[in-house]
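> any chance you could fold what I've pasted below:
(one chain, ligands or ions: 2)
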Amino acid sequence: MRSSTGRWVVDEDFFDREKELEILEARVRGRNHVLLSGQRRMGKTSVLRELERRLESDGWIVLFVDVEGAANAEDAIADMAQAAYPYRSLVSRFAEGFRRWFSDRVEEIGASRFRLKVRAGLDAGSWRRYGERLLHDCAAQEKPVLLVIDELPILLNRMLRRDGEAARVDEFLSWLRGTIQALGEKSPVLILSGSIGLEPLVRRLGISDRINHLDPFRLGPWGLENSVACIGRLAESHGLTVEGDVGGAIYESLGVGIPHHVQSFFARLREHAIMHGRDELRVEDVGEVYRNHLLGPSGQSDLVHYETRLKDALGDEGYSLAMEILAEAAIERGFTGQAETCLAGLYGELVEEVPARIEDVLAVLVHDGYLEACEDGYRFSSHLLKDWWAARFRGHHVALERRHSDRGNGTGSK
Ligand SMILES: Nc1ncnc2c1ncn2[C@@H]1O[C@H](COP(=O)(O)OP(=O)(O)OP(=O)(O)O)[C@@H](O)[C@H]1O
Ligand SMILES: [Mg+2]
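Ligands and ions are numbered 1, 2, ... in the order given. Have a look, this model is predicted:
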């Protein structure tokens, strides 16, 4: 098992998740559509890629569509076409409809040029028809087909922000649901996935029924036992011995076993051992590596990734509110009901319907695992995320209550 701190992992590099895979595989084989959610970096894409690998080796066709870069339905259909490209029987049927855009033989142009050509042939009036054709072609395959759409909430949020209304999101989700249902037994099995909550989004738009044909499945963190076992396996694979309960100390520092954080901890601890000329991981190094490396520059670059995702999902206004809430929760040890009232007061003139907007943002932050509800409001569940945000805002975050009362007294901070 190789150490990995970047993209999704499969096969030899994939650890645990056997129970989750068993459940997902049973659902897919039973032709149930699934909504897979889970906090950022929990390993959603890895679980789906591993499921893809296993099903493909058992004769399934799996179309894995990542719509993180898509801005509208036309882009998403073009992404689906690109995913279908390796399957000749599927793609040649579909390409028939695009004959006039293809001067070359479809088989020779490669997946990304195929996508470009398909995209050029799609517009707001035609994506439904071509999307339908693709799904019908999936249904006509002899082999069973699984269609995975990863990062869908990012696309939907982008559509929403562009138009400022729910119509596009509704159109796309209704189309997908309608087409899949019309195909009945023959339809491809659908898995929708992403970290930024799809459920809070459709609830907010009042269109929850558009995803009620999907069985929700939430991917949770590793517990102590699996986090420790993962560290053990990684150490063994990299020829390192483990002194004492290094895995337990790592888990305790993190607070939650988010697989990516466990992997990052191992990678930094291993580098620390190498720098000191040792081939042993030591408990006494865990604290230092946490403070100086996980919270240091490499951790900060992970944080930028988190921030970008939030911005993509929430838009500028929602993002500003999210930053205020996270800064408050990290530095003031929680985001209380009182702080919420102050935040609404401070942003009242800048953001429309601010109390409802704050509730939306909180729903996303909870759904996405940044915060959990506690007695008097919300707090971080992961120590690492809390410490990242604290490091990011320390020095320039002024408590919301103080800013609110300063402003009330006419001393006016923003
Ligand atoms: N089953 C696993 N075994 C080992 N490492 C894992 C596993 N799942 C996730 N990881 C670690 O987490 C990282 C992120 O995984 P992945 O991209 O699958 O997560 P994700 O939930 O899809 O993330 P994002 O929220 O960014 O889309 C991987 O690079 C790897 O370090
Ligand atoms: Mg992912």
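> not counting its neighbours along the chain, what's nearest the residue nearest the centre of the chain?
Residue closest to the average C-alpha location in the chain (C-alpha atoms, centre = their mean): residue 195, at 2.9 Å. Nearest in space to residue 195, with sequence neighbours left out and distances taken as C-beta to C-beta, 6 or more residues apart in numbering, is residue 40 at 4.6 Å. All C-beta spots, glycine's among them, are computed from the backbone N, C-alpha and C.
> residues touching the one you found, list them.
Residue 40 makes contact with 195, 306, 309, 368, 369, according to C-beta atoms under 8 Å, 6 or more residues apart in numbering.
> please enumerate the strands of the protein.
34-38, 61-66, 145-150, 189-194, 215-219, 241-242, 280-281, 335-336, 371-374, 377-380 (DSSP state E).
> show the pLDDT at residue 164.
Residue 164 is assigned 63 on the pLDDT scale.
> pLDDT weak spots in the protein?
Along the chain, the parts satisfying pLDDT under 70 run over 98-104, 163-165, 196, 409-414.
> around ligand 1, pick out the residues from it.
Selection of the chain residues close to ligand 1 by C-beta under 6 Å from any ligand atom yields 4-9, 14-17, 38, 40-46, 195, 259-260, 263.
> inside helices: which ones of those residues?
Mapping the residues of the chain next to ligand 1 onto helices (DSSP state H) picks out 44, 45, 46, 259, 260, 263.
> which one of the residues you listed is nearest to residue 209?
residue 44 (23.9 Å; C-beta to C-beta).
> look up how far residue 181 lies from the residue of the stretch 1-150 of the chain found nearest ligand 1.
In the stretch 1-150 of the chain, the residue that lies nearest ligand 1 is residue 43 (2.6 Å; C-beta to the nearest ligand atom). Residue 43 is 30 Å from residue 181, where distance means C-beta to C-beta, to the nearest Å.
> which of those two has more neighbours?
Set residue 43 next to residue 181 and count neighbours by other C-beta atoms under 10 Å: residue 43 wins out with 25 against 11.
> grab the nearest non-local neighbour of residue 250.
residue 265 (4.8 Å).
> hang on, I meant residue 45
residue 8 (4.0 Å).
> my read: the one you found touches residue 51, true?
No: proximity of residue 8 to residue 51 does not meet the contact threshold set by C-beta atoms under 8 Å, at 11.5 Å.
> quick one, which of these two is more surrounded?
Per other C-beta under 10 Å, whichever of residue 8 and residue 51 has more neighbours is residue 51, with 25 against 16.
> and the spatially closest residue to that one that is not a sequence neighbour, how far from residue 181?
What sits nearest to residue 51 in space, not counting adjacent residues and going by C-beta to C-beta, 6+ apart, is residue 24, at 5.6 Å. From residue 24 over to residue 181 the distance is 21 Å, taken as C-beta to C-beta.
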